[in-house]
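>>> based on what follows, work out the 3D shape:
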Amino acid sequence: MLDLVGWVGGVALSICALPQVIKTYRTKKIEDLSWGFILLWFGGEILTLAYIIGIDVRASLLHFPLYLNYGLNIILLFYLVFAKIAYGGIKA
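Below is the predicted model of the structure:
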């Protein structure tokens with residue numbers, strides 16, 4: 001049961017950015033998302049994923065729901081960074 005909770009939570013968190021990505025893709029507008037927000041979110045995802053992997057390597061564990069969450073969010077954030085540059089320019 002606990003694994004199910006982890007998977008449901010991981011999937012829910014991993015698709016959090018999906019509505020924003022879909023909206024940005026459709027409208028090609030990204031002005032409302034600040035560079036600060038995107039970069040802090042991206043940095044947080046990368047650092048937390050590195051922390052979880054480090055802990056798992058030491059403890060010989062695999063937390064797939066967490067890998068799914070952070071991995072998919074990083075992929076979606078790559079798109080938002082691309083969109084910010086392509087649609088909004090590099091202005092900070």
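>>> K28 against Y87, yeah?
Yes - with contact defined as C-beta atoms under 8 Å, K28 counts as touching Y87 (5.0 Å). Glycine gets a C-beta too; all of them are placed from N, C-alpha and C.
>>> more crowded one of those two?
Each of K28 and Y87 has its neighbours counted (other C-beta atoms under 10 Å); Y87 has more, 14 against 11.
>>> and that one, what is it in contact with?
By C-beta atoms under 8 Å, 6 or more residues apart in numbering, the contact list for Y87 reads 24, 28-30.
>>> tell me the SS of it?
State at Y87, reduced to three classes by DSSP: H, G, I helix; E, B strand; the rest coil: helix.
>>> pull up the gap between it and A17, please.
Using C-beta to C-beta, to the nearest Å, we find Y87 at a distance of 16 Å from A17.
>>> and the nearest residue to G88 once chain neighbours are set aside, helix, strand or coil?
Nearest residue to G88 in three dimensions, chain neighbours excluded: I30, at 4.7 Å (C-beta to C-beta, 6 or more residues apart in numbering). Following three-state DSSP, the label given to I30 is coil.
>>> give me phi/psi at I30?
phi -140, psi 10 (degrees, to the nearest 10).
>>> what residues are up against it?
For I30, the contact set (C-beta under 8 Å, 6+ apart) comprises 24, 80, 83-84, 87-88.
>>> show me which residues of the helix or strand containing G43 are buried.
Assigned by DSSP states H and E, G43 belongs to helix 35-59. If you call a residue buried by 16 or more other C-beta atoms under 10 Å, then helix 35-59 has these buried ones: 38, 41-42, 45, 49, 52.
>>> any idea of the mean pLDDT in that helix?
Averaged over helix 35-59, pLDDT sits at 92.
>>> what's that helix in contact with?
Applying C-beta under 8 Å, 6+ apart, the external contacts of helix 35-59 come out as 61-63, 66-67, 70-71, 73-74, 77, 80-81, 84, 92.
>>> excluding chain neighbours, give the residue nearest to the residue minimising distance to the centre of the chain in space.
Centrality entry for the chain: nearest residue to the mean C-alpha point is N73, 2.0 Å, by C-alpha atoms, centre = their mean. Nearest residue to N73 in three dimensions, chain neighbours excluded: E45, at 5.1 Å (C-beta to C-beta, 6+ apart).
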